[in-house]
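> this one's sequence-less:
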């Protein structure tokens, strides 16, 4: 019951973030400390922060709406957020002078990893 809502939330979130990065790359890059100093940097930023995030969002939306794809979406969310959380928390320990944004996502990513893992566990336990 919660799986489609969770996946749809992630879909909307990533499509919106990707669109924001695409439409305002200089502003969004500066907010996280990136400098788009040349066209190669701009290309990479638009591709990864724009294109990849929109693609991830569309995959989450597909998993939310298409019967039988909920488990795949939950695996993707669990693995993605889990790895992001490990890397993010590692940077909190090893790096200094981090922005408030970094601390915000350092709470969000582990929370989303736990929620997606719990939904995955419930989903797979229900189908076993």
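Thanks, I have it. As the structure is a computational prediction, the values presented were derived from the model and not from experiment.
> how near is residue 124 to residue 70?
10 Å (CB to CB, to the nearest Å). All C-beta spots, glycine's among them, are computed from the backbone N, C-alpha and C.
> now residue 25
Residue 25 is 33 Å from residue 70, by CB to CB.
> which stretches of this structure form helices?
2-23, 25-31, 39-45, 53-65, 70-94, 100-127 (DSSP state H).
> in the fourth one, what counts as buried?
Residues 53, 54, 56, 57, 59, 60, 61, 63, 64 are the ones in helix 53-65 that count as buried (16 or more other CB atoms under 10 Å).
> now these as CSV including distance to residue 46 and pLDDT?
CSV is the format used below for the buried residues of helix 53-65 (distance: CB to CB, whole Å; pLDDT from 0 to 100):
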residue, distance to residue 46, pLDDT
53, 11, 98
54, 11, 98
56, 15, 98
57, 15, 98
59, 19, 98
60, 20, 98
61, 21, 98
63, 25, 98
64, 26, 97
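> Now the terminal residues of stretch 16-31, how far apart.
One end of stretch 16-31 to the other measures 16 Å (CA to CA, to the nearest Å).
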